[in-house]
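Peer 1: fold the stuff below for me.
(2 chains)
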There are 2 protein chains.
Amino acid sequence: MTTNTYAVTGMTCGHCASAVTSELRSLDGVTDVTVDLVAGGTSSVTVTSTQRLDQSQVSAALDEAGDYQLA
Amino acid sequence: MTTNTYAVTGMTCGHCASAVTSELRSLDGVTDVTVDLVAGGTSSVTVTSTQRLDQSQVSAALDEAGDYQLA
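Peer 2: From the prediction side, this is the model:
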């Protein structure tokens, strides 16, 4: 298991956090996602997965969930 | 048909606008809802319905959709 915390910008509300959580959870190997929402600022997103994720996968998932980006 | 525009605060993103639209559309008699989103400010929500809605119904729907309020 590997756990990584990402700085993510663009989230403004709980719906954003839900969309990000849902999209990241759909990635292969991801077992847990937690979001520490800083509305309008830089939020922390912690992802636990069975293998290390590529940053590009995480970035693509954030983009898919909305217009969220790695800081 | 009656069309009313409400000033609504608390919406910050497209997800918020979708939640508000969906909740208002579920009210009896509502045929159309459009949201002019002003993220973090006062948005305009226009509701078309077959009969005039009570303000309390609209307010309750906004509360149900999230923590949104009539300005």
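Peer 1: tell me the contacts of the residue in chain A that chain B sits nearest to?
Peer 2: Residue of chain A nearest chain B, by CB to the nearest CB: residue A:15 (3.2 Å). C-beta: built from backbone N, CA, C; applies to glycine. Going by CB atoms under 8 Å, 6 or more residues apart in numbering or on different chains, residue A:15 touches B:13, B:15, B:16, B:18, B:19, B:66.
Peer 1: correct me, but the last one touches residue B:16?
Peer 2: By that I understand residue B:66. Yes: assessed by CB atoms under 8 Å, residue B:66 is found in contact with residue B:16 at 6.0 Å.
Peer 1: more neighbours: which of these two?
Peer 2: It is residue B:16, of residue B:66 and residue B:16, that has more neighbours when counted by other CB atoms under 10 Å in any protein chain shown, with 25 against 18.
Peer 1: list the buried residues in the helix or strand harbouring the more buried one.
Peer 2: For residue B:16, the host element (DSSP states H and E) is helix B:14-25. By neighbour count with 16 or more other CB atoms under 10 Å in any protein chain shown, helix B:14-25 contains the buried residues B:14, B:15, B:16, B:17, B:19, B:20, B:21, B:23, B:24.
Peer 1: quick check, nearest of the residues you listed to chain A?
Peer 2: Distances from chain A to the buried residues of helix B:14-25, taken by CB to the nearest CB, are shortest for residue B:15, at 3.2 Å.
Peer 1: circling back to that earlier point, between residue B:66 and residue B:16, what contacts are shared?
Peer 2: Common neighbours of residue B:66 and residue B:16 (criterion: CB under 8 Å, 6+ apart): A:13, A:15, B:10.
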